[in-house]
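Visitor: starting from these lines, generate the structure:
(one chain, ligands or ions: 2)
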Amino acid sequence: MLLEVKDLKVSYGNIEALHGISFTIDKGEIVTLIGANGAGKTSTLLSLARLPRPEAPLVSGGDILYEGASILKTEPHVLIQKKMMVLVPEGRHIFGNLTVQENLQIADFPHRKDVNRVLITGEIQEQVYGLFPRLYERRKQRGELLSGGEQQMLAVGRALMTGSDFIMLDEPSMGLAPKLMYEMFRALKQLNFVKHITIFVVEQNAKVALDFASRGYVLKTGELIAAGTSEELAANPDVKKAYLGG
Ligand SMILES: Nc1ncnc2c1ncn2[C@@H]1O[C@H](COP(=O)(O)OP(=O)(O)OP(=O)(O)O)[C@@H](O)[C@H]1O
Ligand SMILES: [Mg+2]
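Guide: Ligands and ions are numbered 1, 2, ... in the order given. Presented below is the predicted three-dimensional model:
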């Protein structure tokens, strides 16, 4: 078991956003968490990544186990340094005034002191460009001039530069034209298949998410209401009605 979330409760001040959710992710899996606006998807990811952001919720109950050990007290930079996980956040957050190439290189920051890393980084960068040829074509272009889809690819590329083999994505399909969206999911699938990277993807777009993942969970106002293989969820009448347009 890579990740085990046990009865996780998280709050923003007095408001509880997750009311005790439990789920697991195995090494090498592609798992999705689907849910509507405000269901608590981003809150789930932020509590896993443990980012010290002002907008991040506080864990008020339960536990998050990584390979069997609680990470509730682990500092977020340690999670990145030890390549335990990396989050591609909602809204991408790439650096608009830096080039594509610089955006990728900056992700190497936690490892700067390690001389061997320079070589490894070059190798990963080539893999990222191999995965997203569009990024290579636009490597000298400033981030802010990329299309939304290209920015999303860059955000994924930057996450890969950390060398982590567990990647979490917050609504990567958001705002993407179908062609770019499929290009991106195809690249992620290839990463999973070739490099055995574990993927946890949070999506409002249930159809796309269930096509992409092999297994999933359904979140509704802070509670998990269904779980199963993608086929099971796609055939579940409640899921169909609420998330797949009937
Ligand atoms: N910074 C915050 N302060 C207070 N409440 C918040 C904050 N962020 C989120 N919430 C509340 O927590 C609940 C879950 O929000 P969350 O952002 O996790 O939902 P989501 O599933 O990611 O939604 P979306 O699909 O719109 O991104 C919502 O009721 C939301 O209003
Ligand atoms: Mg969200």
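Visitor: what's the first helix or strand after the one helix or strand in the chain whose mean pLDDT sits lowest?
Guide: In the chain, the helix or strand scored least confidently by mean pLDDT, DSSP states H and E is helix 115-131, which has a mean of 77. Next along the chain after helix 115-131, taking DSSP states H and E as the criterion, comes helix 133-137.
Visitor: mind listing the helices for this protein?
Guide: Remark: helices assigned in the chain by DSSP state H are 41-49, 76-81, 100-106, 115-131, 133-137, 148-160, 178-195, 206-212, 230-235, 237-243.
Visitor: any chance of these in a markdown table, plus mean neighbour count and distance to ligand 2?
Guide: In short, each C-beta sits where N, CA and C put it, glycine included. Formatted as a markdown table, these follow (neighbours: other Cβ atoms under 10 Å; distance: least, Cβ to the ion, whole Å):
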| stretch | mean neighbour count | distance to ligand 2 |
| --- | --- | --- |
| helix 41-49 | 23 | 3 |
| helix 76-81 | 16 | 19 |
| helix 100-106 | 19 | 22 |
| helix 115-131 | 15 | 25 |
| helix 133-137 | 16 | 25 |
| helix 148-160 | 23 | 15 |
| helix 178-195 | 16 | 17 |
| helix 206-212 | 20 | 13 |
| helix 230-235 | 16 | 19 |
| helix 237-243 | 15 | 15 |
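Visitor: rank those by pLDDT, which is bottom?
Guide: Lowest mean pLDDT within the helices of the chain: helix 115-131, a mean of 77.
Visitor: contacting residues for the nearest residue to Leu210 once chain neighbours are set aside?
Guide: Ranked by Cβ to Cβ, 6 or more residues apart in numbering and with sequence neighbours excluded, the top spatial neighbour of Leu210 is Ser230, at 4.3 Å. With contacts defined as Cβ atoms under 8 Å, 6 or more residues apart in numbering, the neighbours of Ser230 are Thr32, Leu210, Asp211, Ala213, Ser214, Arg215, Gly216.
Visitor: much appreciated, bye for now.
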